[in-house]
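# have a look; sequence and predicted model below, questions after that.
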Amino acid sequence: LINKNFDLSLFTGKVDSKLGSNIKKQMVFAGPGHNSVEWGDNLVIQLDNSKDGIRQTDFDQWPWLQNLIGTTNKKNIFVVMSKPIFGEGGFTDKLEANLLMDTLAGLSERGKNVFVFYEGENISVDITDGVRYISTGVYNCDISKNPQEIFKYIEFNINDKETTYQIKSLFE
């Protein structure tokens, strides 16, 4: 599916080595370190918040992030992290959480489309100050559930005028 239909794939959790080795397109996944990828009018930012915050994980991410978003001219900004900013499993430093959310909201105020992806319990979308916070859900081996309910992905369609997304079953 990825190799056939998509230019890029984002993962908020670990990627199985068998799956990863079969994907021929560019992949960005939440993991150790920070990085960015540009393609077209899009900027994908990988942040490492594995130790319950960006500062606690690697303080150097903050000046790097501020420089990156302060100089970007990209229309769409995608941020990928392994954990949420708030709530269960989120940042332990609430001031840092607020600072990150304010920083991202500032991008939205500048006319950018901002999407933040993290691994959460279920697939959900919350919009705060123009920023879409998207929990990608966690695969669990509950065999009582229908596979169409468990295996989902979020498809983005990006063109010159708009950026849209849909939550889809892997088996559609």
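Perfect, I can see it now.
# tell me which stretches of this protein form helices.
2-5, 17-22, 54-57, 61-71, 94-109, 147-150 (DSSP state H).
# which stretches of the protein have low pLDDT?
1-30, 138-153, 170-172 (pLDDT under 70).
# do that again at 80, thanks
1-31, 121, 137-157, 165-172 (pLDDT under 80).
# show me the strands in it, by range?
Under the criterion DSSP state E, strands of the chain are mapped to 8-11, 26-29, 35-39, 42-46, 76-80, 113-118, 123-128, 131-136, 152-158, 163-169.
# and the fourth one, what does it pack onto?
Packing partners of strand 42-46 (3 or more Cβ pairs under 8 Å, 6 or more residues apart in numbering; DSSP states H and E): strand 26-29, strand 35-39, helix 61-71, strand 76-80. Every residue, glycine included, has its C-beta placed from N, CA and C.
# and what of the third one?
Contacts of strand 35-39 with other secondary structure elements, assessed using 3+ Cβ pairs under 8 Å, 6+ apart, are made with strand 26-29, strand 42-46.
# recalculate using a threshold of 10 Å.
Packing partners of strand 35-39 (3 or more Cβ pairs under 10 Å, 6 or more residues apart in numbering; DSSP states H and E): strand 8-11, strand 26-29, strand 42-46, helix 61-71, strand 76-80.
# most packed of these?
Sort the helices and strands packed on strand 35-39 by mean neighbour count, taking mean count of other Cβ atoms under 10 Å, and strand 76-80 sits at the top with a mean of 22.
# strand partners (parallel or antiparallel) of that one?
Counting by DSSP bridges, the strands paired with strand 76-80 are strand 42-46 (parallel), strand 113-118 (parallel).
# turn these into JSON lines, columns for distance to Gln66.
Below are the strands paired with strand 76-80 laid out as JSON lines (distance: least, Cβ to Cβ, whole Å):
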{"stretch": "strand 42-46", "distance to Gln66": "12"}
{"stretch": "strand 113-118", "distance to Gln66": "15"}
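# do you know which of those strands lies nearest Tyr133?
strand 113-118 (4.9 Å; Cβ to Cβ).
# give me the angle between that closest one and helix 94-109.
For strand 113-118 against helix 94-109, the angle by axes from the mean of the first three to the mean of the last three Cα atoms, to 10 degrees is 150 degrees.
# hey, what's the nearest residue to Asp126 once chain neighbours are set aside bridged with?
Leaving aside its chain neighbours, Asp126 sits nearest to Tyr133 (4.7 Å; criterion: Cβ to Cβ, 6 or more residues apart in numbering). For Tyr133, the beta-bridge partners are Val116, Asp126 (DSSP bridges).
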